[in-house]
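[1] Need the 3D shape of this:
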Amino acid sequence: MKPDALLIDTALGGLVDEFSLEPPQDLEILSLPTFLATPHIGGSAEEAILAIGRAAIDGLDHNTLLVPD
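    Numbers count the residues shown, from 1 in each chain. Here you go, the predicted structure:
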């Protein structure tokens, strides 16, 4: 990459070789002044928690247990 390029990786680790382990273990990349890392907390957003809860309730309302005869 060019020195002035930006790489924005919004996926989980593994998409970019340097981030195959989470949290990143590469001290060289972690010490770069242009490197910014944030925790993977998208599932903790209020909207995500509500969506998960609604999906769970929907699953209970619209699915039946298969009971062996």
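
[2] C-alpha only now, for contacts and for neighbours.
    Noted.

[3] Do you know the pLDDT at residue 24?
    Looking at residue 24, its pLDDT is 66.

[4] Quick one: find the helix or strand in this structure with the lowest mean pLDDT.
    Here the helix or strand of the chain ranked lowest by mean pLDDT, DSSP states H and E is helix 27-30, holding a mean of 79.

[5] What is the subsequent helix or strand relative to it?
    helix 46-62 (DSSP states H and E).

[6] remind me which residues of the chain are low pLDDT?
    Scanning the chain for pLDDT under 70 picks out 11-24, 65-66, 69.

[7] Go again with 80.
    The chain contains residues with pLDDT under 80 at 1, 3, 7-26, 29-30, 34-43, 63-69.

[8] Just the CA trace of the least confident helix or strand of the chain, in PDB.
    Output in PDB follows, covering the C-alpha atoms of helix 27-30 (Å, rounded to 0.1, in the frame of the first residue of the first chain):
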ATOM      1  CA  LEU A  27       3.500  -5.100  18.000                       C
ATOM      2  CA  GLU A  28       5.000  -3.400  14.900                       C
ATOM      3  CA  ILE A  29       1.500  -2.600  13.500                       C
ATOM      4  CA  LEU A  30       0.100  -1.700  16.900                       C
END
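
[9] Run the chain-centre distance for that helix.
    How far helix 27-30 lies from its chain's middle: 21 Å, per C-alpha atoms, centre = their mean, to the nearest Å.

[10] Excluding chain neighbours, give the residue nearest to residue 29 in space.
    Spatially, and ignoring its direct neighbours in sequence, residue 29 is nearest to residue 35 (6.9 Å; C-alpha to C-alpha, 6 or more residues apart in numbering).

[11] Packing partners of the least confident helix or strand of the chain?
    Under the contact definition 3 or more C-alpha pairs under 8 Å, 6 or more residues apart in numbering; DSSP states H and E, helix 27-30 sits against no other helix or strand.

[12] before we move on, the earlier item: neighbours of the residue nearest to residue 29, how many?
    Neighbours of residue 35 under the rule other C-alpha atoms under 10 Å: 10.

[13] Residue 3 versus that one, what's the distance?
    12 Å (C-alpha to C-alpha, to the nearest Å).
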